[in-house]
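*Asks:* Based on what follows, work out the 3D shape:
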Amino acid sequence: MPEITVNMAAGRTEEQKKGMMLDITQALVKNLGVDAEAVVIQINEAPLTHKMKGGKTFVERAAAAKK
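*Replies:* Below is the predicted model:
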C-alpha cells in the first residue's frame, strides 16, 4: 500500500488540497499499477509562523513580498 505524506505551509483551500490528493492518487494508480483504494495520502500543514525559508518565516516572506 503506497502511503504519501505531503508537508506544506497552511493556507490552501480544502478544494485545492482534495484536488492535489486526487491527482497524486491517480499518478500512483497509473505509474505503480495499484488500486486507488490502496493509496493513503496525508497532509501535514504548518502554520506560516512555524515554517521558515532563507532565514525568514513564511509570514515575514509574505509581508516582504507585498512591499
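
*Asks:* Give the rounded mean pLDDT of the helix or strand hosting Asn31.
*Replies:* Using DSSP states H and E, Asn31 sits in helix 14-32. Here helix 14-32 scores 98 as its mean pLDDT.

*Asks:* Which strands and helices lie in contact with the helix or strand following that helix?
*Replies:* For helix 14-32, the following helix or strand on the C-terminal side (DSSP H and E) is strand 40-46. Where contact means 3 or more C-beta pairs under 8 Å, 6 or more residues apart in numbering; DSSP states H and E, strand 40-46 is packed against strand 3-9, helix 14-32. Backbone N, C-alpha and C define where each C-beta goes, glycine included.

*Asks:* The ones you listed into JSON lines, with extra columns for mean neighbour count?
*Replies:* Putting the helices and strands packed on strand 40-46 into JSON lines (neighbours: other C-beta atoms under 10 Å) gives the following:
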{"stretch": "strand 3-9", "mean neighbour count": "12"}
{"stretch": "helix 14-32", "mean neighbour count": "13"}
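
*Asks:* what about the ones you listed, which gets the closest to Lys66?
*Replies:* Set against Lys66 and scored by C-beta to C-beta, the helices and strands packed on strand 40-46 come closest in strand 3-9, at 16.3 Å.

*Asks:* And for that closest one, what's in contact with it?
*Replies:* If you take C-beta atoms under 8 Å, 6 or more residues apart in numbering as the criterion, strand 3-9 is touched by 20, 24, 28, 39-46, 48, 51, 58.

*Asks:* Next, format those as a markdown table and append distance to Met8.
*Replies:* Output for the contacts of strand 3-9, formatted as a markdown table (distance: C-beta to C-beta, whole Å):
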| residue | distance to Met8 |
| --- | --- |
| Met20 | 9 |
| Ile24 | 12 |
| Leu28 | 18 |
| Val39 | 18 |
| Val40 | 17 |
| Ile41 | 12 |
| Gln42 | 11 |
| Ile43 | 7 |
| Asn44 | 8 |
| Glu45 | 6 |
| Ala46 | 7 |
| Leu48 | 11 |
| Lys51 | 9 |
| Phe58 | 10 |
